[in-house]
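>>> 3D, please:
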Amino acid sequence: MSTAVSPEARLHAEETGGGDRPPFVFLHGFDGRAEAFAPVMAALAADGERCLAFDLPGHGRSRAYPGFGPPKVAARAVIAALRDRGIGKVHVVGHSMGGAVACLVALFDAARVASLTLLAPGGFGPEIGAEPIRRVMEAADPQQLKAGLQAMTAPRFSIEEAGFSGSNWPEGRDEIRSIFDALFRSGRQGVLPLDAVAATGLPIEVLWGREDPVTPVRQSDGLPAGFAVTRLAGVGHMLMLEAPGETLAAIGRAASRAEAG
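The predicted structure follows:
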């Protein structure tokens, strides 16, 4: 009996760098794709680190993944993809919805995770800035897309100058709307069991922009012990673009804590 996995049931990944240390795995936010992390991955690869960024189910080149939508499906898909690639320990970096997926990866398979770096993560409270998300999702042309992405950042940041290439637009709008309806249509979002995430004992770095219009920075208040939180003034939701140096520093802190045991 054949045990071959259909192409639709595999996650697309962008990979760069190499080395023998645990690789860094990047998980994008809602309506994003692997390329959202390209500058950060390039910097790590230049230092001899192996990096993988996945298109999560329903997004980019993984939009036909069966059962796409729930973050639990995405987390299990990431774990399966790592297992299929023969990858053991990994440092997981997640942005927005990808931060929620990263936490679930840790809950489902803590032994595989060396550290977590969470950038403005979803699931830390019920409030969600659904309108900026909807604006990007419903963009009718590149200018509307840029305006929607710009609305997710702090006012002084220029999304055009940053040359952002991690949008999932214009492909797969039906899939993206389906996920939006499942996750955000009510104007609220699901909340993670953060005490259970902390109980994994993993090094967890949380980075949040104080001017984030999508995931409110107040959701970083009062987190369980074990979450190391850094809040950045003058930064919005797109941390890997608006604050790449601070993003790399947070990833480095999490990895160093993991190596220190």
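
>>> now the strands for the chain?
Along the chain, the stretches classed as strands by DSSP state E are 13-16, 24-27, 51-54, 90-95, 113-119, 204-209, 227-232.

>>> can you put those in JSON lines and add distance to residue 155 and mean pLDDT?
C-beta coordinates here come from the backbone N, C-alpha and C atoms, glycine included. Shown next, in JSON lines, are the strands of the chain (distance: least, CB to CB, whole Å; pLDDT from 0 to 100):
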{"stretch": "strand 13-16", "distance to residue 155": "30", "mean pLDDT": "96"}
{"stretch": "strand 24-27", "distance to residue 155": "27", "mean pLDDT": "98"}
{"stretch": "strand 51-54", "distance to residue 155": "28", "mean pLDDT": "98"}
{"stretch": "strand 90-95", "distance to residue 155": "20", "mean pLDDT": "98"}
{"stretch": "strand 113-119", "distance to residue 155": "19", "mean pLDDT": "98"}
{"stretch": "strand 204-209", "distance to residue 155": "12", "mean pLDDT": "98"}
{"stretch": "strand 227-232", "distance to residue 155": "14", "mean pLDDT": "98"}
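
>>> Quick one: closest of those to residue 42.
Closest approach to residue 42 among those is made by strand 13-16 (6.9 Å; CB to CB).

>>> before we move on, the earlier item: tabulate the strands of the chain (CSV), appending distance to residue 72.
Shown next, in CSV, are the strands of the chain (distance: least, CB to CB, whole Å):
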stretch, distance to residue 72
strand 13-16, 20
strand 24-27, 13
strand 51-54, 15
strand 90-95, 14
strand 113-119, 16
strand 204-209, 19
strand 227-232, 21
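
>>> Next, format those strands as TSV and append distance to residue 243 and mean neighbour count.
Output for these, formatted as TSV (distance: least, CB to CB, whole Å; neighbours: other CB atoms under 10 Å):
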stretch	distance to residue 243	mean neighbour count
strand 13-16	21	17
strand 24-27	16	28
strand 51-54	18	26
strand 90-95	12	28
strand 113-119	9	27
strand 204-209	7	25
strand 227-232	6	16
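
>>> Tell me which stretches of the stretch 1-150 of the chain form helices.
For the stretch 1-150 of the chain, the helices defined by DSSP state H, counting those that start in this stretch cover 38-46, 71-84, 97-108, 130-137, 142-150.
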